[in-house]
Structure formats: structure tokens, C-alpha cells
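Peer 1: I need the structure of the sequence given here:
(chains A and B)
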Amino acid sequence: MKKNKVASFFLRWEFLLVALLVLMCVVFNLQDAARVASGAARKDVFNLPNVMRGLRPYMLYSFMTMGVMLILAMGDIDISTGAIATLSVVVLGALYNLMGGGPVALVISIIACLATGSLCGAINGFLVTRFKELFPMIITLATQLFFRGFGYLLIGGSTLTFDSTFGVLSKTYELVDIFGLKVPIMVLIFLAVAVVFYVWLHLTSGGRKIFAIGTNATTARYSGLRVDAIKMFCFTLTGFMCAVTGIFFVGANSSSIKADLMDGYHMYAIAAAVLGGFSTDGGKGSVIGAVLSLFIFGIVKIGLGTLFGFADSAVNLAVGVILILSVLIPNISEDLSKYMRVRKQRAETAAAKAAH
Amino acid sequence: MQTKKSSKPLYALLIEHREIPLLAVLILLLVGVSIRVPGYIPNNYVNILKNGSINMVMACGMLCVLLVGSIDISITAVLAFSGALIGKLMGLGVLQSTLLAFLLAIVVGIVVGLVNGLLMSYGRVISIIVTLSTSYIVRALIPMSWMLGMNKVAPTDLAPGFKTVLNQNLTLGPLTLPYLALLAAAVVIVTGIFLKYTKTGRNLYAVGSNAEAAQMRGVHINRVKILAHVICGATAGLAGAMWLAFYNAIEKGSAEGNEMFTIAACVLGGVSVTGGYGKITGVVIGAVMIAVIDQAIPLLGFRNKMITEFIKGILLLFAILLNVILQRIADKQALARRNI
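Peer 2: Model (predicted):
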């Protein structure tokens, strides 16, 4: 019994992800050392400060992933997240410039940005809960086109630029000193948010309800959960998180805003959540896994890009392979163990027959 | 009594043919555009046919995949990859025959479709995740600077015969029919016959509507699912060759994001995304509708791609919601008639 517990702890998905992360770090460190030794590089580049600095662009969609995660846990899918983020920052920029700048305008427009994101999420949630015959993917595809076009209607093809007060936002992209290690502020905020999500999703009944809906929505409804209200809330929260992602993105992009800012971000967020153990079938996954997989994607991109000199597309190839294997390997190992069990049983029956 | 009798065919028809409301929307759209832009249909039908054909071919494959209850979002990656591969082989002088080029493109598509199908049926990975991953992988293979030294395919790479094969028109009296559209029509007819009149085609519906019942009847579910993905891959590969032959150029980012419009064409046509229901006629109407919107919006004065997508999004939402609401009304009436 005890042995099984230990084994199941080591076979938990989060542990495998940690192992993958460590393995990648070791391989990249060896490659780094080899490059220094052979004289290809003057000094090592794969060290903690550099990785922390390099992680920033890949952590941008982390907040969005937290939202997408909830939706996947409920068995739905949302592909309009990138468009929601874009629309909310467009609202942010347009309102700020309309009000003529200044700190008050900044606060008001940030509130408007978050409200826009939540509203967009609520629209998705409304459509998904009212029209259950339709696959959420189709609904969010339509709303994605709608949100993207709406952002474009607001500011056209122009790039918005801002005065110096607006530059406060780019502080979110800076590094802060913690015990001598420079850590991006964004990562710290994200980790704090992730802890909140972890506690909510795994340790309170509110979070368990979401997994219950994902496992079997009908059963959940019959056991007294207000499925539609919870779905509505989760979609709204996802919209909110998209707006937060948008604000960080503006900070990273030296405070200029265009209407096609975050096209394609939804796929990164979904990929990270899936690697973290969530599935479009719903009902499983963990926040720790999602956080780890965000770091894994970041480090894969840094390592393959800077150390091995692969092109961007080869890095995407690695992401695709990791994604398939992450779902395929548990399934295959399950099949294999079932097969072994059956064979063992058959051998035992044959032996028993022979003994008779 | 009389009214009841006359009302029965209407909703019975609606339950039977979900594409009828869509046809009405399409006609309304065409009428509306024709009023704003006089002579819209006679002047533009060739362009509508040309631009809709590639999407139409992919939609046929997508229909098969949706029927068995899975989805394929790697089709445009397959399109770009197969087109780029045959284009580069032509540029290197390996491949000269047009027919061989088309066949090779289809084979490439079949291979990717087979991988998708195997992973999703025997590997039990959800199709959207499999095809998301394969679309990353296949698109990453396109530049292949380490393989064939190519970044994109330019018109100068192509064999002269290949360049012109699909850019010709067939003239039938006053009608001009582009070869591209004829090829798409052939694919539509073959798919339609396959789905309606062959045993294997009916098995797709059986697996999609109730997999367990199909298995009881002796249908190999996994094989049928793999077959659907293979068909979808083959049409995507064919679409790649068509794209290259029509535009004479292809690059890494070609057609990125267009898979959503292929899915949209199917959904507009009343195909159920959970599997088991869908007709080729609906898909044709859906694909034509998207092509019409694409062609009409610039003529109405909006020359921007984003605005086109905005209007497409609204129309898509409108059409699918209308479909659902009509379906609900029809269901309710059918229930009321049974006096329950």
C-alpha cells in the first residue's frame, strides 16, 4: 500500500513535468558548457539571471492560461481569448488618449479595459450557456472575429502612441531585486495569482464544482449545482484575465497599441493548459501543472533558440511534439499496464488449469 | 384540421433540411448586395467560384471528420506544406508532371491525415489537441532550410504546365466556368456520392451518431475514424496543390487561420460538430456563402481585411443562432403535435 503511494506520487503528472523541466535544464546547461569549452561562446548564457530575463516574453500569456484552464476544466473551449485581450487594450489606449492623458485617465482607462474584458467574456458565457446545441469552439470563433473587427473599428489601422505618464505600465516588464536575483515583476505577480487560483480550484468547494461540471455536467446539475451560473462566471473571469494579459502586453511592447496585437495567442494558452494536464474533455488538470508547463515552454524556446540556434519554426516543432507526447504517453502506459495485467491473469489461469 | 396539415410539411422540412434557412440567408445576402452593387452576380460569379473552390474542397474533407465527431485544425498547415513541397520539388527540377504533382500533394495530405487518425483513435488523444500539435509540427517543417533550402515558392520555380492548368476557364455559351471550380465540383460530387450511397460512407454517420451501436453492428470504429481523417488530409493536400496552381506562390504562413473558415462553412451548412449529422449540400451552401461575403464586402466600400472578418463574424453568429432558434421552434411544434 505504502509502496503504491510512493509510486503514484512519482508518477503524478506534475512530477513528470518537473522531471522534464530538470532534464531540459541539464541538457541546456551541458550544451552551454560545451559551447564555452569549444570556444563557440565567450561565456555561459544559460544561467538563472539570463533565463529569468528571457522568460518575460513567454510569460505574457500566463494570465490568459489561468482563465483558459478553467474553461478546459469545464469541458468547453475558448478561442477568442487573444481577441478579447486585443480589444480590451485597444479600449484602454483609445480611452486614455481621448481623456487627454494623466494619472486619473490612466486609472479610469485601466478599469475600462478590465471591464471590457469581463464584458467580452460574459458575452461568450451568455452564448455558450444559452445555445447549448452549439459547440463552444464555433461560438468563440464567431466572437473572436467580432471582437477583433470591433477593435479595428475603434482605432483603424493606426498605431496608438502615448505620453510619458502611460509609460508607468512598462514598469510591469521590469526586473526587481530579490535576495540578489533579478526577477521579473510580472512573474512574481503571476505566481501570486497562480497561488490564489490553486487554493480556489483545488482546496475550496467552489473550485471542485468546476471539475464536477467538466466530469459530467448533467450529474452536476442534478446534484444541485447552478451549472449555467458557474459557466457564466468562469467565462467572465477568463475575459478579465485576458484583459490583465493585455495590460502586461502593453507594458512589454513599449506602450504602443495596434489592432492586431495578440492574434494567435489563444493557441499558446490552450497548448500550455493542455501540457499542464487539462483536456478539452474536461474534469482534470492542475494549476501546478499549468504553471510548470508555462515555464517549460518558455525554457524550451529560450534554450533551443539561443543555445542550439534553431529557427523559430523548429521550436514550434518541439512544442508540437511535446504536446502530442504529453497526452499520448499516459494513454499508452495505461494501455500497456492493462495488457500486462490481462496477460498475467491469463498465465495464472493457465497455470491453475495445468495444476488440476 | 386543414391548417395543421399545411403546417406539418414546413417544420418537418426544417427538421429534415437544416440548410434551408441558410439558403434563405444566402439569397437575401445576394439580393441585398445586388441592390447596392448593380450587376454584382454576372460580374463577379467567376471570382466567387474561384475564391470559394479551395475552401470548398477542404470543407468536403472537414465534413467527413465532423461526421465522426472529431475535428481537424491542421488542414491549412497541410495545405501550406504540401504546396510548398511540390513547389520546391518543381523548382529543383525533380518533378515536372502536373498530374504527379497533384498526386504527391494528395499523398502528403494522406500521410498527415493517417498520423492524425492513428493518434486520435488508437492513441485516444482528443482530436483538437492532436491536430493542433500536428499543425505546429507540419508548419514548422515548411521552411526546411535544412532540407531543401527553401523559404518560399515563387512563380519562377513552377513548371509552365502546372502554372496554367487551373487558371483557365471553360466557356459554355454565356457561362464561364473556371477549371478550379470544376475540380472543386468534382470533389463535392465524389464526396456526396461516397457519403450517401456507399456502405463505408454511411458508416461515418453511424459512428458519429452512436459509436457503441455502430460497434455492435460490426463497424470498426477506429478504422472509420482513421478513414475520415485520411479523407480530410487528402482534400487538404489537394487544396495545397490547387492553391499553388492558382496563386503560383506559397510560403510558410499561407492560409494561416483559414481552417476556421472551413469549419465555419461546415457549421453554417448545418453540420453538427458533435457528429452524426451533416449534408454535402449544406456544406456547399456554407462555402458559397463565405465566398460571397468575401467578394461582396470590398465592393460595398470596406476594403480592409479586418472589417471583412468582422462582418463575417457577425453573419456567422447570426446564421448559426438562427439555425438553432428555428430548430428549437420546429422541435417544440413537433412535440406539441404529439400532445404530450
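
Peer 1: Assumed A:Val183 was part of a strand.
Peer 2: Yes. A:Val183: assigned to a strand according to DSSP: H, G, I helix; E, B strand; the rest coil.

Peer 1: ok, it to B:Lys312 distance?
Peer 2: 43 Å (Cβ to Cβ, to the nearest Å). Where you see a C-beta, it was placed from the backbone N, CA and C, and this is true even at glycine.

Peer 1: of these two, who's got more company?
Peer 2: For A:Val183 versus B:Lys312, the count of surrounding residues by other Cβ atoms under 10 Å in any protein chain shown is larger for B:Lys312: 22 against 18.

Peer 1: which residue does chain A bring closest to chain B?
Peer 2: In chain A, the residue found nearest to chain B is A:Gly149; the distance is 2.1 Å by Cβ to the nearest Cβ.

Peer 1: the longest helix in the chain is where?
Peer 2: Answering for chain A, as no chain was given. helix A:312-355 (DSSP state H).

Peer 1: try chain B instead
Peer 2: Under DSSP H, chain B gives helix B:305-337 as its longest helix.

Peer 1: List the contacts of the residue lying closest to B:Phe318 once chain neighbours are set aside.
Peer 2: Among residues not flanking B:Phe318 along the chain, B:Val25 sits closest, at 7.8 Å (Cβ to Cβ, 6 or more residues apart in numbering or on different chains). Residues near B:Val25 by Cβ atoms under 8 Å, 6 or more residues apart in numbering or on different chains: B:289, B:315, B:318-319, B:322.

Peer 1: Run the chain-centre distance for stretch A:33-40.
Peer 2: Centroid separation between stretch A:33-40 and its chain, computed with Cα atoms, centre = their mean, to the nearest Å, is 35 Å.

Peer 1: The residue nearest the centre of chain A and A:Ile270: what is the separation?
Peer 2: Chain A has A:Thr65 as the residue nearest its centroid, 2.5 Å off, counting by Cα atoms, centre = their mean. From A:Thr65 across to A:Ile270, the span is 8 Å (Cβ to Cβ).

Peer 1: ok, A:Ala112 touching A:Ala94?
Peer 2: No. Between A:Ala112 and A:Ala94 there is no contact, the gap being 9.4 Å when judged by Cβ atoms under 8 Å.

Peer 1: Pull out the buried positions in the helix or strand B:Leu100 falls within.
Peer 2: For B:Leu100, the element it lies in under DSSP states H and E is helix B:98-121. Applying a neighbour-count criterion of 16 or more other Cβ atoms under 10 Å in any protein chain shown, one finds B:98, B:101-102, B:104-106, B:108-121 buried in helix B:98-121.

Peer 1: Then stretch B:308-328?
Peer 2: B:308-317, B:319-321, B:323-324, B:326-327.

Peer 1: Let's see the pLDDT reported for residue 337.
Peer 2: You didn't pick a chain, so chain A it is. Note on A:Ser337: pLDDT of 86.

Peer 1: ah, I was thinking of chain B
Peer 2: Reported pLDDT for B:Arg337: 77.

Peer 1: Extract the C-alpha set from stretch A:188-208 and format it as PDB.
Peer 2: Presented in PDB, the C-alpha positions along stretch A:188-208 are these (Å, rounded to 0.1, in the frame of the first residue of the first chain):
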ATOM      1  CA  LEU A 188       6.100  37.400  -9.200                       C
ATOM      2  CA  ILE A 189       2.600  38.800  -9.800                       C
ATOM      3  CA  PHE A 190       1.700  35.700 -11.900                       C
ATOM      4  CA  LEU A 191       2.900  33.300  -9.200                       C
ATOM      5  CA  ALA A 192       0.800  35.200  -6.600                       C
ATOM      6  CA  VAL A 193      -2.200  34.900  -8.900                       C
ATOM      7  CA  ALA A 194      -1.400  31.200  -9.500                       C
ATOM      8  CA  VAL A 195      -1.400  30.600  -5.800                       C
ATOM      9  CA  VAL A 196      -4.900  32.200  -5.500                       C
ATOM     10  CA  PHE A 197      -6.100  30.000  -8.400                       C
ATOM     11  CA  TYR A 198      -4.600  26.900  -6.800                       C
ATOM     12  CA  VAL A 199      -6.300  27.500  -3.500                       C
ATOM     13  CA  TRP A 200      -9.600  28.300  -5.200                       C
ATOM     14  CA  LEU A 201      -9.600  25.400  -7.700                       C
ATOM     15  CA  HIS A 202      -8.200  22.600  -5.600                       C
ATOM     16  CA  LEU A 203      -8.900  23.400  -2.000                       C
ATOM     17  CA  THR A 204     -12.300  25.000  -1.900                       C
ATOM     18  CA  SER A 205     -15.700  23.600  -2.900                       C
ATOM     19  CA  GLY A 206     -16.100  26.400  -5.500                       C
ATOM     20  CA  GLY A 207     -13.200  25.000  -7.500                       C
ATOM     21  CA  ARG A 208     -14.300  21.400  -7.100                       C
END
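
Peer 1: what residues does that stretch touch?
Peer 2: By Cβ under 8 Å, 6+ apart, stretch A:188-208 touches A:59, A:62-63, A:66, A:69-70, A:73, A:172, A:176, A:178, A:210-211, A:286-288, A:290-291.

Peer 1: what does the average pLDDT come to for that stretch?
Peer 2: 91.

Peer 1: Give the buried residues for that stretch.
Peer 2: Buried residues in stretch A:188-208 (16+ other Cβ under 10 Å): A:189-190, A:193-194, A:197-198, A:201, A:207.

Peer 1: Poorly predicted segments of the chain, please.
Peer 2: With no chain named, the answer covers chain A. Applying pLDDT under 70 to chain A flags residues A:1-11, A:40-42, A:254-256, A:309, A:311-312.

Peer 1: hmm, I had chain B in mind actually
Peer 2: B:1-18, B:143-151, B:303, B:339-340.

Peer 1: Let me see the ranges of the helices in it.
Peer 2: B:2-16, B:19-36, B:40-67, B:75-91, B:98-121, B:127-141, B:160-165, B:179-197, B:199-209, B:211-216, B:221-247, B:259-268, B:280-299, B:305-337.

Peer 1: that older thread, give me the distance from the helix holding B:Leu100 to the chain's centre.
Peer 2: Worked out by Cα atoms, centre = their mean, helix B:98-121 lies 16 Å from the chain centre.

Peer 1: helices and strands around that helix, which ones?
Peer 2: Packed against helix B:98-121 by the contact rule (3 or more Cβ pairs under 8 Å, 6 or more residues apart in numbering or on different chains; DSSP states H and E) you find helix B:75-91, helix B:127-141, helix B:160-165, helix B:221-247.
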